[in-house]
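show me how the following folds:
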Amino acid sequence: MAGNGGQHHELYGGAMTVMLPVNFEDVSQIRQVPDNQEVFSHPSTDQSIIIELLEYQQITDDLAAKYHFQEMAGSNEATSFEVTSEEQVSTSEVTMHQCSSIWLLHGKQMVSKFNEEAKNVLNVNIALFRLPQYTTDVLVTFNDPMQINPDSSSSTMPTGQRNAWTMMQFKTVICTLNLIDPSLFTS
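Below is the predicted model of the structure:
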């Protein structure tokens, strides 16, 4: 599952690290981001990568990624959503060895940006790292717009896929996410 190159980046004040695609913008430099999230956007494609620390859900591992995907669809006020595939990832393929299991889920959501009426089709790819010993689920989300409604504020983004992030780069994020300081979960 290994990916290719990127830029080393510290998360949560250095408690975690990750390799991000080189052309990312840290959204916290632009707007307020919740303390439990690290949000990065592509400068020209409206793609985003979000790393979230969430409460560990007391459900079986095989249902947890779907649970988080459905919760996300609700938060996004998606008018429709579907899971297109799901698989378990071997813990030997990732740097974060503290997790009990990792699940990769691919799906689609029809959502609007900034509560607009115009709906966009979004590929939503998530990796869920389960850390029951810290009562934490770490959710990594790669939002990849596939169809932008002409009436959406996102339609002003440049057309084409100029240096768009790829699934290979998302897999690099997943494989290189590393927990340095577990006290992150107790503070």
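
torsion angles phi and psi at Asn36?
The phi/psi pair for Asn36 (degrees, to the nearest 10) reads phi -90, psi 10.

actually Thr135, sorry about that
Residue torsions, per degrees, to the nearest 10, at Thr135 are phi 40, psi 40.

count of residues packed around His8?
9 (other C-beta atoms under 10 Å). The way it works is simple: take the backbone N, C-alpha and C, and place the C-beta from them, glycine included.

tell me the spacing between Thr45 and Trp165.
7 Å (C-beta to C-beta, to the nearest Å).

ok, now Cys175?
From Cys175 to Trp165 the distance is 15 Å (C-beta to C-beta).

comparing the two, which shows the higher neighbour count?
Trp165 (23 against 20).

could I get the pLDDT score of the more buried one?
In this prediction, Trp165 carries a pLDDT score of 93.

name the SS class of it, please.
Classification of Trp165 using DSSP: H, G, I helix; E, B strand; the rest coil returns coil.

list the contacts of it.
By C-beta atoms under 8 Å, 6 or more residues apart in numbering, the contact set of Trp165 is 21, 42, 45, 47, 49, 142, 144.

any idea what His106 is bridged to?
Going by DSSP bridges, His106 is paired in beta bridges with Ser85, Asn125.

how near is it to Phe142?
For His106, the distance to Phe142 - C-beta to C-beta - is 9 Å.

and what of Trp103?
14 Å.

and the gap between the residue most central in space within the chain and Ile174?
Among the residues of the chain, the one closest to the centroid is Thr141, at 1.3 Å (C-alpha atoms, centre = their mean). Note on Thr141: its distance to Ile174, by C-beta to C-beta, is 11 Å.

do Thr186 as well
The value you get for Thr186 to Ile174, if C-beta to C-beta is used, is 24 Å.

who's more crowded, those two?
Ile174 (25 against 8).

which residue packs closest to His42, ignoring adjacent ones?
In space, and not counting its chain neighbours, His42 is closest to Trp165: 5.7 Å by C-beta to C-beta, 6 or more residues apart in numbering.

neighbour count winner among His106 and Phe142?
The residue with more neighbours, out of His106 and Phe142, is Phe142; 22 against 18, by other C-beta under 10 Å.

where's that one, which helix or strand?
Per DSSP states H and E: Phe142 is located in strand 136-147.

what does Asn23 give?
Judged by DSSP H and E, Asn23 forms part of no helix or strand.

average pLDDT for stretch 178-185?
Stretch 178-185 comes out at a mean pLDDT of 95.

now do the end-to-end distance for that stretch.
14 Å (C-alpha to C-alpha, to the nearest Å).

for that stretch, which positions count as buried?
178-179, 184-185 (16 or more other C-beta atoms under 10 Å).
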